[in-house]
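**Q** test case, fold it:
(one chain, ligands or ions: 1)
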Amino acid sequence: MGVDEPGLPTLYDWAGGGDAVRRFIDAFYDRVERDDLLAGFFPGGVHEDHRAHVAAWWSEVLGGPATYTAEHGGYEAMLAHHRDLAITPEQRHRFASTMSLALDDAGLPDDPEFRAAVIGYVEWGTRLAMHNSRPGAADVVEHAPVPRWGWGVAPPYRG
Ligand code: HEM
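**A** Below is the predicted model:
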């Protein structure tokens, strides 16, 4: 991570900043609340605090302000929230595909490079969340920084 060439915009900037990230997260959880496989994780709906915290996580991952680390407990807090959820492969896949749909709902950039980078993180993050959510999981990374995701192999096309 942090592999991008100096001078490239962050994914956060390319997305449209914090307001765009929050639109994406709201669109995602609006779908989750209606989803037969996922709604059960959030009894009573997905509340404002959860939406705000997850948006802060995503902003930090995409290269924006490090608010989740500073104010919400960082990686360790995120990990604790997934322990023992027992996420199934079907639920993980639904979560990931719903994130892809939410990017469209929220009108985030749809260029191939941006979407490939974001969906790469979604695949990585959801597979880790599923792994770490197994009841009694022992082989869990207990401490880490909040990841900083980059463009990877396909930097933005700027003509
Ligand atoms: C890219 C993948 C993921 C990211 C970035 C992510 C991010 C987060 C973060 C940051 C929190 C903590 C919010 C807070 O501090 O209040 C959280 C909580 C939670 N996540 Fe995830 N998550 C991911 C995958 C998943 C998956 C695959 C599921 C289930 C299918 C899931 C279900 C939950 C639930 C139920 C909570 C709340 C738990 C509680 O309040 O005790 N997450 N997630």
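
**Q** list the contacts for Gly159?
**A** If you count contacts by C-beta atoms under 8 Å, 6 or more residues apart in numbering, Gly159 has none. The C-beta positions use only the backbone N, C-alpha and C, and glycine is treated the same way.

**Q** same check on Glu142?
**A** Counting by C-beta under 8 Å, 6+ apart, Glu142 touches Glu76, Leu79.

**Q** from Glu33, how far off is Ala116?
**A** The spacing between Ala116 and Glu33, counted by C-beta to C-beta, to the nearest Å, is 28 Å.

**Q** for this structure, which residues are neighbours of the ligand?
**A** Counting by C-beta under 6 Å from any ligand atom, the residues of the chain close to the ligand are 38, 41, 50, 53-54, 57, 72, 77-78, 81-82, 85, 87, 91-92, 95, 122, 125-126, 129-130.

**Q** got a PyMOL select line for the buried ones in those?
**A** If you want just the buried ones from the residues of the chain next to the ligand in PyMOL, going by 16 or more other C-beta atoms under 10 Å, the selection is:
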select buried, resi 38+53+54+57+72+78+82+87+91+92+95+122+125+126+129+130
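
**Q** sitting in helices, which of the residues of the chain next to the ligand do you find?
**A** 50, 53-54, 57, 77-78, 81-82, 91-92, 95, 122, 125-126, 129-130 (DSSP state H).

**Q** which one of the residues in this protein is closest to the ligand?
**A** Gly125 (2.5 Å; C-beta to the nearest ligand atom).

**Q** nearest to Gly63, of the ones in helices among the residues of the chain next to the ligand?
**A** Trp57 (12.7 Å; C-beta to C-beta).

**Q** so what pLDDT did Val3 get?
**A** pLDDT, Val3: 57.
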